[in-house]
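Colleague: I need the structure of the sequence given here:
(chains A, B and C)
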Amino acid sequence: MSERTQVPAPRTARNGFLLFVRANPGIAVGGGVLALLLLASFFAPLPYGPTTPDPTNVLQEPSAAHIFGTDANGFDVFSRVVAAGQRDLPLALIGTLASLVIGLLIGLPLSSKSRWSERLMRALDAFQSFPLIVLSVTIVSLTGNNIQNIVYAIVIINGPRFIRLIRGEALSIRDGRFIEAAVATGARPRRIVFRHIMPNVVDVCLVQCSLTAANAVIVIAALNFLGVGVSPPDPTWGSMVQVGAQGISTGQWWVAIWPGVAIFIAIASLNVLANGIQRRVEGS
Amino acid sequence: MLTVSGLTTEFRTRVSGVRAIEDISFEVPQGVAVGLVGETGSGKSVTIRSILGLLPVSGHVVGGRADFDGVDLLRANRKQLRDIRGRRIGFVAQNPFGSLNPILSIEKQFANVIRAHRKASRAEIRALALARLESVQVRGPERVLRGYAHELSGGMAQRVVIALAMLHDPPLVIADEPTTALDVTVQRQILDLIDAQVSEGNRSLLLVTHDLGVVAQYCRRVVVMKSGHVVESGAVADVFTSPEHPYTKQLLAAVPPAPWSSAAKEVTGA
Amino acid sequence: MTTSEAPMPNLMELTGIRQVFRRGGKEVHAVNGVSVSVAPGETLAVIGESGSGKSTLGRVALGLITPSAGTVTFDGTVLGDLSKKDLRALRSRMQVVFQEPYESLNPRIRVGDIVEEPLIIHRSGLSKAQRREKVVAMLERVGLTAEHAERYPRNLSGGQQQRIGIARAIITEPELVVLDEPTSSLDVSVRARVLDLLRDLQREQGISYIFISHDLATVGLISDRVAVMYLGQVVEQGPTAEVLTNPKHPYTRALLSATLSTVVGEKREHVPLRGEIPNPSAAPTVCVLSGRCPIEIDECSTGPVAHRRVGDRHDVACLRVDRVDRLLPVEAG
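Modeller: As a prediction, this is how the structure comes out:
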């Protein structure tokens, strides 16, 4: 339809923002909650020091003084849950970005239909059939058992997924008429990959990034729960769940539940964000 | 036969509404072929989809009437519409492979269409299907009945679709660009076939097309659409020889004449 | 339209082109021994239905695919002899415009950058400012404005998108442009204006066109010579006016009779071809139209049919040339 009678709406900054929110509720809600979590973990004023124990107040139920209660060491659970975001969230995001970069650097060149690229993909299949979480535990332990090295674990698990996704997407873009047009223009292979194919995989990469970040939050929590990469008394959600897990059977549910809720909110907001991006991409 | 008046349809998204067609009025008299022409975005497809109740979920008819058989199709309930579609109005779409079910045998699809409107035994269905396939000049109808859509060429598949559309001898046939997806040398055969089937039963035809040549040779009346509005309508003989609306003039002037036609002779002679 | 009196050296010559694809273990003979040529400033129309091999022939001419057999010569250079680097360099002199205007433009690149790209690749001597200047001039030449440079392809109409495709193709001033159904997906009113633009550009710059189409009426407006393809072979070739008004091959007549006139009541006899186009799975050794032809005789399906000359540069591959006039009266009215 060439002539359309648009519902008129004056374009102001505030109006534009509201329109965006109405048209993209997933991105607004998911992204908003995620931003709140990040801001809170770094800037929220905490009632107690997250690593200062209060031995006189051990395993207190949630109360006005300690709204999430205290744990066996007398740490304030609320302060630790919020502060743990300082480690878990940036780590998840850095791991995701590293996986993306590896996916682009390997996946794009592998999108040419050569015998070599097929062989390398089979090698990747073999690699992915390993129990990667076990491999990650080994690698993090060998490279020095600190939390930064969990990035390797995230990349080992998610890098291959990015490679596969980007290569597949690039392969289908390569069949496109505009790629043929670029070849006919005389563009060199490198120009075709970086100028013509790469901008067109951005959409799927954005979706995959939010899904990967959600997965990374789980990987971090799982490894921390197993005690990998933990340096007490620094709080992380995984290690807090582990510490609190013993208390659940004896009635101190609050120690494990609150970090669990934090993990849930982080993952849910990332998944909602991924869904929102997906919808926007499909709509355009 | 079919009288459309003031038909207006909107598409609504979460943030905005778009008026696709506005105040569309025309009629399809008994036994007459009417061509509905327009370019991309003129709203010709939306018009017939509104009439047939086949709009996508975002489409809403917001006004007008479409009277057929004493029923306003725009206000008919699902059951009425289902009864009218197929039994009283035959529909031929652009892509025959979109109209045929890829996982059902052709015979099964004949059975479905027949049984949607009446009871019939297997033998009865078979005999009717064979007769109808022969009437649309499908070669080897027994083999076609046993087979599936993907085994057919585009032209054969469209013949099967036409046979299915004609099964209940509908008094009105609506064809939406029925030859656009087909090869040039097959297009004429399909048009001739539709023409024969329609005039045989003194049926009415609403033929949606972007091809003015098709309208000139196969239709008696024409409705010209542009940007969601009817700009001109009337007898083909009048509109094509002395178009009144500037858009119709422009459209007619833009079509390159068939190389053998008298119009081409004027061009090369000048 | 030009009628070349003195024989000019051809700009492009395709000789004995064959193209065999493998599809699911089966061989598909897309192009089957085709020889055509294009003189400087001339338009050769290649006409045929889907599956005739006309688009494959266009890609072979551009060196986008290497033919299974035969040679492509451009201005004396055999494309098959060139290194990848030299072939890329040659691409500034031969360009292409595709049928689907939107699909042939990268959706993530602004229109101005799309038109600029050939200059970046082939005119490394130009500064950024000089390139932009040329881009704006080119946009204006194809009927757009500098303002369009900032837009993305999806924000343009089909006709405007095709103008961008044309601008990209001619900005390096190529000698040959392959037009692969450039107007088929456009509405009639837009189609006429794009054809006008192509004709004007040819007149100004002396470009040669290979105009691939399935529409005889359009071909009549733009080409000097026409080659009619069916099942990977050229069945008739000659000056456009001659082929369109006095076709000598039954298939050309069938194509012509399928074109509908917009003059009311001018309905022509239809030349019926039996059945539909078969798959070109085997290289035919007999007349390609045998089995569908209305005036076929036994000899048509017993051996290959050679081209014979029936007029000024007018060749036909048919044994029944003398009978074809009875098939359908060509004169109108």
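Colleague: which one's the longest helix in chain B?
Modeller: Looking across chain B with DSSP state H, the single longest helix is helix B:184-200.
Colleague: now that one: how far from the chain's centre is it?
Modeller: Between the centre of helix B:184-200 and the centre of its host chain there is 12 Å, according to Cα atoms, centre = their mean, to the nearest Å.
Colleague: for the record, mean pLDDT for the helix or strand that comes right after it?
Modeller: Sequence order places strand B:204-209 as the next helix or strand after helix B:184-200, per DSSP states H and E. Averaging pLDDT along strand B:204-209 gives 96.
Colleague: For the longest helix of chain B, what does the pLDDT average out to?
Modeller: 91.
Colleague: swap in stretch B:224-234?
Modeller: 96.
Colleague: Run the contact check for it versus chain A.
Modeller: Yes - using Cβ under 8 Å from any Cβ of the partner chain, stretch B:224-234 reaches chain A at B:Ser227, B:Gly228. Heads up, the C-betas are built off the backbone N, CA and C, glycines and all.
Colleague: Need the contact partners of the longest helix of chain B.
Modeller: B:33, B:92, B:135-137, B:154-155, B:158-159, B:162, B:166, B:173, B:175, B:178-179, B:182, B:203-205, B:207, B:214, B:217-218, C:49, C:214-215, C:254-255, C:257-260, C:270, C:272-273, C:276 (Cβ atoms under 8 Å, 6 or more residues apart in numbering or on different chains).
Colleague: For C:Val64, grab the count of nearby residues.
Modeller: No, residue C:64 isn't Val; it's Leu. Neighbour count for C:Leu64, taken as other Cβ atoms under 10 Å in any protein chain shown: 16.
Colleague: tell me the SS of the single nearest residue of the stretch 1-150 of chain C relative to chain B?
Modeller: Nearest to chain B in the stretch 1-150 of chain C, going by Cβ to the nearest Cβ, is C:Glu49, at a distance of 4.4 Å. Under DSSP: H, G, I helix; E, B strand; the rest coil, C:Glu49 falls in the coil class.
Colleague: and what of C:Phe211?
Modeller: C:Phe211 ends up strand, using three-state DSSP.
Colleague: give me the number of residues near it?
Modeller: 27.
Colleague: Any buried residues in stretch B:239-257, and which?
Modeller: Neighbour-count burial for stretch B:239-257, counted by 16 or more other Cβ atoms under 10 Å in any protein chain shown, picks out B:Val239, B:Phe240, B:Pro243, B:Tyr247, B:Thr248, B:Leu251, B:Leu252, B:Ala254, B:Val255, B:Pro256, B:Pro257.
Colleague: in which helix or strand would I find the second one?
Modeller: To tie it back to what came earlier, the one meant is B:Phe240. B:Phe240 belongs to helix B:236-241, assigned by DSSP H and E.
Colleague: sorry, back to before: and the angle for the longest helix of chain B with strand B:204-209?
Modeller: 160 degrees (axes from the mean of the first three to the mean of the last three Cα atoms, to 10 degrees).
Colleague: Tell me the first helix or strand C-terminal of the helix holding B:Phe240.
Modeller: Once helix B:236-241 ends, the next helix or strand along the chain (criterion: DSSP H and E) is helix B:246-254.
Colleague: Could you measure from the closest residue to A:Ser111 other than its chain neighbours over to A:His196?
Modeller: Nearest non-adjacent residue to A:Ser111, counting by Cβ to Cβ, 6 or more residues apart in numbering or on different chains: A:Ala170, 3.4 Å away. A:Ala170 sits at a distance of 10 Å from A:His196 (criterion: Cβ to Cβ, to the nearest Å).
Colleague: just to revisit the earlier point, so the residue nearest to A:Ser111: helix, strand or coil?
Modeller: helix.
Colleague: and the gap between it and B:Val173?
Modeller: 47 Å.
Colleague: One more: B:Gly17?
Modeller: B:Gly17 is 32 Å from B:Val173, by Cβ to Cβ.
Colleague: Dump the longest helix of chain B to PDB, keeping only the CA atoms.
Modeller: Output of helix B:184-200 as PDB, limited to C-alpha atoms (Å, rounded to 0.1, in the frame of the first residue of the first chain):
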ATOM      1  CA  VAL B 184       4.100 -17.100 -20.500                       C
ATOM      2  CA  THR B 185       3.000 -19.900 -22.900                       C
ATOM      3  CA  VAL B 186       0.900 -21.500 -20.200                       C
ATOM      4  CA  GLN B 187      -0.800 -18.300 -19.100                       C
ATOM      5  CA  ARG B 188      -3.000 -18.100 -22.200                       C
ATOM      6  CA  GLN B 189      -4.100 -21.700 -21.800                       C
ATOM      7  CA  ILE B 190      -5.200 -21.100 -18.200                       C
ATOM      8  CA  LEU B 191      -7.000 -17.900 -19.100                       C
ATOM      9  CA  ASP B 192      -8.800 -19.600 -21.900                       C
ATOM     10  CA  LEU B 193      -9.800 -22.400 -19.500                       C
ATOM     11  CA  ILE B 194     -11.200 -20.000 -16.900                       C
ATOM     12  CA  ASP B 195     -13.000 -18.100 -19.600                       C
ATOM     13  CA  ALA B 196     -14.600 -21.400 -21.000                       C
ATOM     14  CA  GLN B 197     -15.600 -22.600 -17.600                       C
ATOM     15  CA  VAL B 198     -17.200 -19.300 -16.600                       C
ATOM     16  CA  SER B 199     -19.100 -18.700 -19.900                       C
ATOM     17  CA  GLU B 200     -20.200 -22.300 -20.000                       C
END
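Colleague: rewinding a little: closest to chain A among the buried residues of stretch B:239-257?
Modeller: Of the buried residues of stretch B:239-257, the one sitting nearest to chain A (Cβ to the nearest Cβ) turns out to be B:Tyr247, at 12.4 Å.
Colleague: isn't B:Ser25 right up against B:Leu7?
Modeller: Yes - assessed by Cβ atoms under 8 Å, B:Ser25 is found in contact with B:Leu7 at 7.2 Å.
Colleague: Just want to know which of the two has more residues nearby.
Modeller: B:Leu7 (25 against 14).
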